[in-house]
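# Just to be clear, the model below is a prediction. Sequence and coordinates:
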Amino acid sequence: MSKPARIGVIGCGNISPQYFKGAKLYPQIRMEACSDLSADVAKSRAEEFDVPRVLTVDELIADPEIDIVLNLTTPQFHAAINTRILEAGKHAYCEKPFATSREEGRAVLELAKRKGLRVGCAPDTFLSSPMQTARKLVDDGVIGRVFGGTAVFACPGHERWHPNPEFYYKQGGGPVLDMAPYYFTVLANLLGPAVSVVSSGKRVFTERKIATGPNEGQRVEVETATHNNSLVEYASGACVNAMFSFDVQGAHDLPLLTLYGSEGNLSLPDPNCFDGVVRVCRPGGEWEEMSLLHNYEGARALGLAELADAIRNEREHRANGELAFHVFDTMLACEEAAASGSRVSIDSSFERLPALLGSDSKSPKF
Ligand SMILES: NC(=O)c1ccc[n+]([C@@H]2O[C@H](COP(=O)([O-])OP(=O)(O)OC[C@H]3O[C@@H](n4cnc5c(N)ncnc54)[C@H](O)[C@@H]3O)[C@@H](O)[C@H]2O)c1
């Protein structure tokens, strides 16, 4: 096997441990260096996860020993940092959401194209074994023609567990931009592009109280809608009924993600996770658990490993910028439709790349 791609990480906050741990599962990549606005934060992550070098952001972006830069900063910096990475001649892979405006997102895609570089973006949970198994079931027509679906994310707000939750309530935050990426990316992989949205949105509380960490008790002013209901129409003819909320106070018992087809229903696990059960219910029958197609372990960094493999083998990578931009465009359409009360069309599209092949190996076969 050829050498792993060398990854440099910018942003060593809350989500970064999942990438540092996840990267160890995939031989296609190796964490080479990390950086953060706070050098102490970067140093402590490097010690915890055996990352060989701690650099400043400028040093990391310029470093000739780094092949791909992983951008784990907060949403308002995603596009600006992706731009700097690409300008420096490196491939960029970024956390979601892809940008905070369509203009920003498009500019990043155009720059990457101009430079002949790759842009990847989370989420990569759609590459998990359950979600790729679901993709094969849909492609094989097991539930027939898909005409409907439901998608639900509902919680009382991330300030319950996140020590720095301000960004979830500022521009670029809110439950749609934060959580719909998981749902809309899985749905895009299963159904293809979305074409229009009607929505209703609310801001239920005007401020939130941080419940954990050094800022516990501090109040955060809410600038985004925090409860959204959307009907998303797909070019395939399917219509998905989606709810994304930071305002639901108690536990709910709604299924997270379900598709309805002319020959049966498909139940999917939590699209924010890499594991879980895929079930099919045929007309008149009971829910049946489907056997999974793959044995590899899923973890954040799977999309990064797939990107590294795609670069090496000169093929398209799956968690790519066009898909991420389309998902982002769909999410903005949900917010705009809610604000205007009108149906909003979605102009962007993406190429639906083939499902991952089945593999007995613990290591993914791309
Ligand atoms: N926390 C989670 O569970 C989670 C899950 C999935 C995705 N995400 C996504 O990951 C991203 C980061 O979230 P987080 O929870 O880790 O946030 P965080 O605030 O905990 O960490 C962000 C880190 O990035 C650093 N940073 C910010 N701007 C920077 C810049 N310009 N240059 C260098 N470093 C910079 C900060 O100092 C901080 O250490 C967000 O886009 C979020 O949506 C988070």
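Yep, it's here. Residues are numbered from 1 along each chain as shown.
# Can you list the low-confidence ranges for this protein?
1 (pLDDT under 70).
# who in it is up against the ligand?
Proximity of the chain to the ligand, by CB under 6 Å from any ligand atom, involves residues 10-15, 36-38, 41, 57, 72-75, 77, 81, 95-96, 164, 178. Bear in mind the C-beta positions are built from the backbone N, C-alpha and C, glycine included.
# Cross those residues against strands and list the overlap.
residue 10 (DSSP state E).
# List only those of the residues of the chain next to the ligand flagged as buried.
10-14, 36, 41, 57, 72-75, 77, 81, 95-96, 164, 178 (16 or more other CB atoms under 10 Å).
# Now the residue in the stretch 1-150 of the chain that the ligand sits nearest to. Nearest residue, chain neighbours left out?
Going by CB to the nearest ligand atom, the ligand is nearest to residue 13 of the stretch 1-150 of the chain, at 1.7 Å. Nearest residue to residue 13, sequence neighbours excluded (CB to CB, 6 or more residues apart in numbering): residue 72, at 6.7 Å.
# What of residue 297?
residue 25 (5.4 Å).
# neighbours of the one you found, just the number please.
17 (other CB atoms under 10 Å).
# do you know how far the residue nearest to residue 13 is from residue 358?
Using CB to CB, to the nearest Å, we find residue 72 at a distance of 31 Å from residue 358.
# Next: residue 73.
To residue 358, residue 73 is 36 Å away according to CB to CB.
# thinking again about what came up before, do I have it right that the residue of the stretch 1-150 of the chain closest to the ligand meets residue 42?
No. With contacts defined as CB atoms under 8 Å, residue 13 does not count as touching residue 42, sitting 10.2 Å away.
# on that earlier part again, check contacts around the residue nearest to residue 297.
The neighbourhood of residue 25, defined by CB atoms under 8 Å, 6 or more residues apart in numbering, consists of 297, 299, 301.
# same question, residue 36
Residue 36 neighbours (CB under 8 Å, 6+ apart): 10, 11, 12, 13, 42, 45, 57.
# Can you give me the distance of it to residue 287?
Per CB to CB, residue 36 is found 45 Å from residue 287.
# what do you get for residue 121?
33 Å.
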